[in-house]
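>>> Next comes the sequence, and after it the predicted model I'd like to discuss.
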2 protein chains.
Amino acid sequence: MMNTYQINFEPTGKSGRCKGNQSLLDCANQVGMGIVSICGGHGWCHSCKVQILEGAVSKPTASERKIFSPEEIKKGFRLACQTYPEGDVKLFVPPESMTTIQRLQVEGFEIAVTPDSTVRSYNISLPAPSLSDLQADVERTFQGLNNQKIYCNNIDIEVLKNISNLLRSWDWKVKVFVRGSEVIAIGPQSSRQLGLAVDLGSTKIAAYLIDLESGANLAARGVTNPQFSYGEDIVTRLSLVLEKKGGGKLMQKVVIDELNRLLVALCTEVNAQPDEVVAAVIVGNTAMHHLLLKLPISQLAHAPYIPVVKAALDIKARDLGLNIAPGAYVHILPNIAGFVGADHVAMLLSTKPIWQKDDLALAIDIGTNSEISLISNGEISALSCASGPAFEGAEIKNGMRATAGAIERLRISNDRVDYLTIDEAEPIGICGSGILDAIAQLRLAGIVDKSGRMLNNHPRVRDNKGQREFVIVTEEERNGRPAITITQTDVRAIQLAKGAIRSGIQVLLATHNRSPEEIKKVVIAGAFGSYIDISSAITIGMLPSLPLNRFEQIGNAAGTGAKLALVSRSKVKEAQQIASEVHYIELGAVPDYTNFLMEAAALDEY
Amino acid sequence: MMNTYQINFEPTGKSGRCKGNQSLLDCANQVGMGIVSICGGHGWCHSCKVQILEGAVSKPTASERKIFSPEEIKKGFRLACQTYPEGDVKLFVPPESMTTIQRLQVEGFEIAVTPDSTVRSYNISLPAPSLSDLQADVERTFQGLNNQKIYCNNIDIEVLKNISNLLRSWDWKVKVFVRGSEVIAIGPQSSRQLGLAVDLGSTKIAAYLIDLESGANLAARGVTNPQFSYGEDIVTRLSLVLEKKGGGKLMQKVVIDELNRLLVALCTEVNAQPDEVVAAVIVGNTAMHHLLLKLPISQLAHAPYIPVVKAALDIKARDLGLNIAPGAYVHILPNIAGFVGADHVAMLLSTKPIWQKDDLALAIDIGTNSEISLISNGEISALSCASGPAFEGAEIKNGMRATAGAIERLRISNDRVDYLTIDEAEPIGICGSGILDAIAQLRLAGIVDKSGRMLNNHPRVRDNKGQREFVIVTEEERNGRPAITITQTDVRAIQLAKGAIRSGIQVLLATHNRSPEEIKKVVIAGAFGSYIDISSAITIGMLPSLPLNRFEQIGNAAGTGAKLALVSRSKVKEAQQIASEVHYIELGAVPDYTNFLMEAAALDEY
């Protein structure tokens, strides 16, 4: 009888018993842990990378020895389809090896930080007033705090309006929430001390409900930014504000309304009340930041793209219309520049433990605008480049967002095309990571040359209405519906997008007189960047040609940064220090930037 | 030909040329300076007291030598009707000698204080941003302040919403208003720096527009508190709030609306804009304070009468709905207890220069509730006594408020009654100071005995529907309309009122084991207290029997206190120190208080 072993998959915690003749990929499928496999377990697509943390497994195959360095093998890196358990095994599935659904569940990453929120809570029990003890309610409360060596001299006006009734209805036993020297909320002693962290993306809003005392993430939700229906890209939204009376008010209102809905939904999940949320942190790019606060954006929308404010802000929740405890503050992390916002600061904050050890490191957030920081000896230089919406599936013939049915991974082997769709649904289009794979595979197969020209040298290449295209899914395979193809124009769009990103990297390196191979660590954050195949990005020259283990794809690092700032005062300070120390480079002021851009457009590994 | 002399009347500044055979009272009438004269210039009512500051006048008459001490004569105290100019004369008319109209014009008093407002303003000129100077608008503004060694790290959210447009529309030359380290307003460099001081009385609201840079009083207005129409007394208003849904909101709204109207009216007078007002200070009794802030009042309305808060508060103007600069703060002076409010603190603050020199001093604000402080070696003890509405004309048969036609001064000489009405209008009733005079004169004439019983020993005493009364103005003198009288019940009402006040004084003295004659200074503030005839108050035993020069009637000292706190940071601190140091005595907790009250009810000088 075949032995069975306990297999534990980190970081999801999924586990189950598997037989010794099942590969780790088979085990994963059996326990419902989605691991990417494009080639179906044949060992040639290299997408099912995992890291063995504990336990005995079969020896590396030739195929594995080819793609992993001896050092990586030593660290336990393997292909799940080539590896068999020989005992109980604990293994780590990196984000890039997870299917989209699995990735969404563990989006972002956690950093252990000692909880030390700006808001503290204290349970106090007070004597009731009498003719011989005439202290006012506020002073009585302050005295109760003083007895615990907490000194307050300020109380929010909204707390003031309720304190007398609350003290009496809870029989003088209350929990007092203090920020600095200000009482910002009062509740029964059973009140929880909750916080709300928000990553306000232009496409997606991610919101987290946090226990401020333990730092634990109690609930998380992601929704589409409702501004999206007024304009997919930020420029359209800014134009709406500039051109339409009441546009700014509308842009703010739809976001605040959505945040309030998220708040209620998150609280409902853990059976809490919105007014138990006594602190919030919101991060977003500079434009989202300005729209949220209803700041003027005219000067932000035109060169030289000046933000109203870069400094961190603390704003009363009620002044924003956010329905957490009315005396609570919303902390807004600082911006760096018009196109490098608080979300990049939050990303730098949360990834600092990753990049701070290395002399030369890159931290990249890829989006319509991509923010890139180069960290050299602790000194951060940052810039923003207009990478455009191609990676979000826009301006690509069969492009689509990363939802069910999108081709997200793709391999070309001779005449054959293998691909993987999100949710394993019937293919309906290609999302960003799929396009990136496609261009890289076309380049590797010699179907697209260095200049980006598509050659007519493959059975799947055809001319369609005067435009050359490569067929991924044929009309027949789609039962007569139009084929899914990559066109010559698509290749050009990706060239522009990746050229913008790479030229940004090159400008940063040139500014410091350094070369790509000196980079020890590349941190890639954000929805798109976390899901791409790094090898593909290297193949087309979007990312520098470096050993794969120098790259870390870390998911929603901005959201993690918001959570850190929510939970820890020292992280708030650290964020301010990071923002104030960053040296911002305006590409518009780099004289020979066009040269950098031209060079970076070539589809070549370098 | 008779010589003419220049006569100057202080503090109104009225002046004119008069002949040597005109008394100073005649001169006053000629130049429109209203001085009280009850006896019509015969020298026996002693109401036209003035003080000669400069210049030669006639020698004192026998009548004057009788009422003034040699020391007072030396200081220039005279009766205006007995004194004739012998050269150019400058003289001072004390408030108690002024007619109501004149008094209203100079209500309150000014104390020289070095302007040092919590809000400072700075003119800055900034470089415009460019591709090579990408500083954000707020940071650019902060930098402009830094250049003047002013360090800000906070900016109001409403300022944030406008700063970008304002900086550009004024071509980067602006005036920045700073409070602590927060930018609270921005305007053109021509902006004024104005403040609003408000004495929020339960009957009257007095508002002052102040230049914060010079400390000058630019405009002042007084209106009836609009809450008045919902209840003359505070108890009725508190009941409305407790019993009627929305009552609290209504009470707040009518006051805020009135303050906003006052603000516009004051600004219009000096051609200013409400948003040039960058600071406000409001004082009121504890109940008015709570109604203004819409604080709960249930616990304030019932024993042991606990205020929500005693500490001073700084509240954003927008959180109160006050239409000054939206980022500005309203400072609310601290309360002392449920019945000793911020208005008493403001009074103590503004009168401190008067009482602080003397070992034992009294500071009194007479109203429906009278607040009394005893200052012994710099240590302040305060209490509140329920003196009732009799002095405001309520519960008195022919009582009325101090408006046109009210008898405000009165003398009885044998069968004759002389009186003075406000505006010299036909008499229609008696106001508080008139009632006080009447009771004192009845007592001096032996018509009312020590116990308060009215004797039937005078031609003007009669029995009317079973009640004894003294006729001041007969039916005939009023052409058939009802006579104006003082009834036995009126005497009892005044006995209760004055007994409450005097018993308060006696409790304070007893607490410190001191006697009345040790009091060196009695400061009397407020509308009623400032206009009474001190001699009358002494005659009926309402105030201690002390030389008249120990009394100072100083008008609206609470309003002056509010102005001081508005103009000077050190006065804000001083007010907080005063409030925190006051030892409050709750009469309800004084075991033998009833004895004090019984003793103090007797109509006897002591």
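Great, that's in hand. Given the structure is predicted, the values throughout are model-derived calculations rather than measurements.
>>> use CA for all of it now, contacts and neighbours both
Will do.
>>> Can you get me a residue count around A:Ala219?
Neighbour count of A:Ala219, defined by other C-alpha atoms under 10 Å in any protein chain shown: 17.
>>> Write out the residues of the stretch 501-606 of chain A neighbouring chain B.
Contact residues, the stretch 501-606 of chain A versus chain B (C-alpha under 8 Å from any C-alpha of the partner chain): A:586, A:588-589.
>>> Of the residues you listed, which is the most crowded?
Of these, with other C-alpha under 10 Å as the count, A:Glu586 tops at 19 neighbours.
>>> what's near enough to touch it?
By C-alpha atoms under 8 Å, 6 or more residues apart in numbering or on different chains, the residues touching A:Glu586 are A:383-384, B:131.
>>> repeat that with 10 Å
Shown in contact with A:Glu586 (C-alpha atoms under 10 Å, 6 or more residues apart in numbering or on different chains): A:304-305, A:337-339, A:382-385, B:131-132, B:134.
>>> Contact partners for A:Lys521?
By C-alpha under 10 Å, 6+ apart, the contact set of A:Lys521 is A:354-363, A:375, A:546-552.
>>> Could you do A:Asn595 as well?
A:Ser503.
>>> residue ranges with poor pLDDT in the stretch 501-606 of chain A?
The stretch 501-606 of chain A contains no residues with pLDDT under 70.
>>> about what we covered before: by neighbour count, which of the contacts of A:Glu586 wins?
Of these, with other C-alpha under 10 Å as the count, A:Ala337 tops at 29 neighbours.
>>> I figured A:Ser535 was touching A:Asp437, is that so?
Yes: between A:Ser535 and A:Asp437 there is a contact at 8.7 Å, judged by C-alpha atoms under 10 Å.
>>> re the thing from before, return the subset of the contacts of A:Lys521 lying in helices.
Among the contacts of A:Lys521, the ones falling in helices (DSSP state H) are A:354-355.
>>> hang on, the earlier thing: please produce TSV containing the contacts of A:Glu586, extended by secondary structure, distance to B:Phe596 and pLDDT.
Listed next are the contacts of A:Glu586 as TSV, based on DSSP: H, G, I helix; E, B strand; the rest coil; distance: C-alpha to C-alpha, whole Å; pLDDT from 0 to 100:
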residue	secondary structure	distance to B:Phe596	pLDDT
A:Pro304	coil	78	91
A:Tyr305	coil	76	91
A:Ala337	strand	73	93
A:Gly338	coil	74	92
A:Phe339	coil	76	91
A:Ala382	strand	79	97
A:Leu383	strand	81	96
A:Ser384	strand	81	94
A:Cys385	strand	84	93
B:Leu131	coil	80	88
B:Ser132	coil	80	88
B:Leu134	coil	75	91
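>>> Report the two of those separated the most.
A:Cys385 and B:Ser132 (17.4 Å; C-alpha to C-alpha).
>>> ok, A:Glu86 - how many residues close by?
16.
>>> One more: A:Asp359?
15.
>>> any idea how far A:Ile186 is from B:Val309?
Noted for A:Ile186: a distance of 15 Å to B:Val309, by C-alpha to C-alpha, to the nearest Å.
>>> Moving C-terminal from the lowest-mean-pLDDT helix or strand in chain A, which element do we reach first?
In chain A, no helix or strand scores lower on mean pLDDT, DSSP states H and E than helix A:100-105, which sits at a mean of 52. Remark: after helix A:100-105, the chain's next helix or strand is strand A:119-125, criterion DSSP states H and E.
>>> Tell me the strands beside that next one, with direction?
The pairing partners recorded for strand A:119-125 under DSSP bridges are strand A:173-179 (antiparallel).
>>> So A:Asp418 sits against A:Ile472, correct?
Yes: using C-alpha under 10 Å, A:Asp418 is in contact with A:Ile472, at 8.6 Å.
>>> more crowded one of those two?
Higher neighbour count among A:Asp418 and A:Ile472: A:Ile472, with 24 against 17, using other C-alpha under 10 Å.
>>> Can you check the pLDDT for the more buried one?
For A:Ile472, the pLDDT comes out at 96.
>>> I'd like to know how far it sits from A:Ser536.
Separation of A:Ile472 from A:Ser536 (C-alpha to C-alpha) stands at 17 Å.
>>> Please apply the same query to A:Ala483.
From A:Ala483 to A:Ser536 the distance is 23 Å (C-alpha to C-alpha).
>>> ok, so of the residues of the stretch 501-606 of chain A next to chain B, who is nearest chain B?
A:Ala589 (6.4 Å; C-alpha to the nearest C-alpha).
>>> which residues does the closest one contact?
If a contact means C-alpha under 10 Å, 6+ apart, then A:Ala589 has A:304, B:131-132 as its contacts.
>>> Closest one to A:Thr368 out of the residues you listed, please.
A:Pro304 (18.9 Å).
>>> wait, isn't the closest one in contact with B:Leu131?
Yes: counting by C-alpha under 10 Å, A:Pro304 touches B:Leu131, with 5.2 Å between them.
>>> Check the contact lists of these two and give me the overlap.
What both A:Pro304 and B:Leu131 touch, as defined by C-alpha under 10 Å, 6+ apart, is the set A:586, A:588-589.
>>> What distance do you get for the closest residue to A:Val567 other than its chain neighbours to A:Arg221?
With C-alpha to C-alpha, 6 or more residues apart in numbering or on different chains as the criterion, A:Val567 has its nearest non-adjacent residue at 4.7 Å, and that residue is A:Ser117. A:Ser117 sits 22 Å away from A:Arg221, going by C-alpha to C-alpha.
>>> Compare neighbour counts for those two and give me the winner.
A count of neighbours by other C-alpha under 10 Å puts A:Ser117 above the other of A:Ser117 and A:Arg221, at 24 against 14.
>>> And the strands in the stretch 51-200 of chain A?
A:77-79, A:89-92, A:119-125, A:154-155, A:173-179, A:182-188, A:194-200 (DSSP state E, counting those that start in this stretch).
>>> gap between the shortest one and the chain center?
What it means is strand A:154-155. Between the centre of strand A:154-155 and the centre of its chain there are 37 Å (C-alpha atoms, centre = their mean, to the nearest Å).
>>> Do it and chain B come into contact?
Yes: judged by C-alpha under 10 Å from any C-alpha of the partner chain, strand A:154-155 comes into contact with chain B through A:154-155.
>>> what's that strand in contact with?
A:138, A:142, A:163, A:178-185, A:327, B:309, B:311-315.
>>> Can you flag the buried ones in those residues?
Among the contacts of strand A:154-155, those buried by neighbour count (16 or more other C-alpha atoms under 10 Å in any protein chain shown) are A:138, A:142, A:163, A:178-179, A:182-185, A:327, B:309, B:311-315.
>>> if we can go back for a sec, same list (the contacts of A:Ala589) but as a markdown table, adding distance to A:Glu581.
Shown next, in a markdown table, are these (distance: C-alpha to C-alpha, whole Å):
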| residue | distance to A:Glu581 |
| --- | --- |
| A:Pro304 | 21 |
| B:Leu131 | 19 |
| B:Ser132 | 18 |
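>>> just these now: which is nearest A:Asp490?
A:Pro304 (31.0 Å).
>>> and that closest one, backbone torsions?
phi -90, psi 30 (degrees, to the nearest 10).
>>> and the gap between A:Ala562 and chain B?
Per C-alpha to the nearest C-alpha, to the nearest Å, A:Ala562 is found 21 Å from chain B.
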